[in-house]
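S.K.: 3D, please:
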Amino acid sequence: MQKPTIIAILGMPGSGKGTVVTHICDTYHVPSVYFGGMVYEEVERRGLDIVRDERMVREDMRAQEGPAVMAKRASVHAQKALADGAPFVILDGVYSWSEDKYLRETFGEDYVSFAVIAPKSVRYERIVARKDSHRQYTRDDIMRRDREEIENIEKGGPIAFADYYLMNDHDIDSLKNQVKNLMLRLGY
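M.R.: Next up is the predicted model:
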């Protein structure tokens, strides 16, 4: 098995994707491309509210530029980072089946995905407790977002089709140990 150069981190909100991305980037000194950040930038550019308008903007971007718009934009950033010498790039938050499909077709065997999973109750507790001023969600907000991401952007497909799974229902050290073992398995 060759070492992948594109590693996508997948998962529902609050699953621990950001923790995994940060840990890998800090440990291996590699760049990441944050899919949600592209949406947040567009929301802010339009002068809208991140919590209430994120979905609408994300869907509008897909309607205007196609369902794989985020993957297409992210792949340009990833290819530049690889050309600049990065050993691999982390894609933070592949959302839809169309995005995952596009990335698998574009990068072939150089692409692998990790799905970070956690029980819904744990995810909701984490999200409501967040102190990030850009993402203040109530329990109802996150339940609505979960449904919208599953129903409207097919988020379940890439998670179900992931190459590897990380269970995040214990402490951070347990999650980091799983990441370490998986990265060793991939040759890093």
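
S.K.: looking at the chain, which helix or strand does the model trust least?
M.R.: The helix or strand with the lowest mean pLDDT-type score in the chain, counting by mean pLDDT, DSSP states H and E, is helix 139-153 (a mean of 86).

S.K.: which other helices and strands does that one contact?
M.R.: Using 3 or more C-beta pairs under 8 Å, 6 or more residues apart in numbering; DSSP states H and E as the contact test, the elements touching helix 139-153 are helix 50-65, helix 120-129. To be clear about C-beta, it is placed using only N, CA and C from the backbone, and glycine gets the same treatment.

S.K.: from the contact counts, what lies against the last one?
M.R.: Identification of packing neighbours for helix 120-129 by 3+ C-beta pairs under 8 Å, 6+ apart yields helix 139-153.

S.K.: which other residues reach the very next helix or strand once past the helix it packs on?
M.R.: Taking DSSP states H and E as the definition, the helix or strand that follows helix 139-153 towards the C-terminus is helix 156-160. Residues lying outside helix 156-160 but in contact with it, judged by C-beta atoms under 8 Å, 6 or more residues apart in numbering, are 8, 10-12, 94-97, 99-100, 113, 115, 117, 150.

S.K.: where along the protein do the strands fall?
M.R.: With strands called from DSSP state E, the chain shows them at 6-10, 32-34, 89-92, 111-117, 164-167.

S.K.: out of the contacts of helix 156-160, which are buried?
M.R.: Listed as buried from these are 8, 10-12, 94-97, 99-100, 113, 115, 117; burial here means 16 or more other C-beta atoms under 10 Å.

S.K.: and residue 55, how far is that from residue 149?
M.R.: To residue 149, residue 55 is 8 Å away according to C-beta to C-beta, to the nearest Å.

S.K.: what is the burial count for residue 131?
M.R.: For residue 131, the number of neighbouring residues by other C-beta atoms under 10 Å comes to 6.

S.K.: right, I mislabeled it, should have said residue 43
M.R.: Other residues lying near residue 43 total 22 when counted by other C-beta under 10 Å.

S.K.: separation between it and residue 58?
M.R.: Counting by C-beta to C-beta, the gap between residue 43 and residue 58 amounts to 9 Å.

S.K.: check residue 104 too.
M.R.: The value you get for residue 104 to residue 58, if C-beta to C-beta is used, is 21 Å.

S.K.: any weak-confidence spans in this protein?
M.R.: Counting by pLDDT under 70, the low-confidence segments of the chain come to 1, 132-135.

S.K.: which residues touch the nearest residue to residue 115 once chain neighbours are set aside?
M.R.: If you skip the residues right next to it in sequence, residue 115 has residue 162 as its closest partner in space, 3.6 Å away by C-beta to C-beta, 6 or more residues apart in numbering. Residue 162 is in contact with 10, 113, 114, 115, counting by C-beta under 8 Å, 6+ apart.

S.K.: list the contacts of the first one.
M.R.: The neighbourhood of residue 10, defined by C-beta under 8 Å, 6+ apart, consists of 17, 93, 94, 100, 113, 114, 115, 116, 158, 159, 162.
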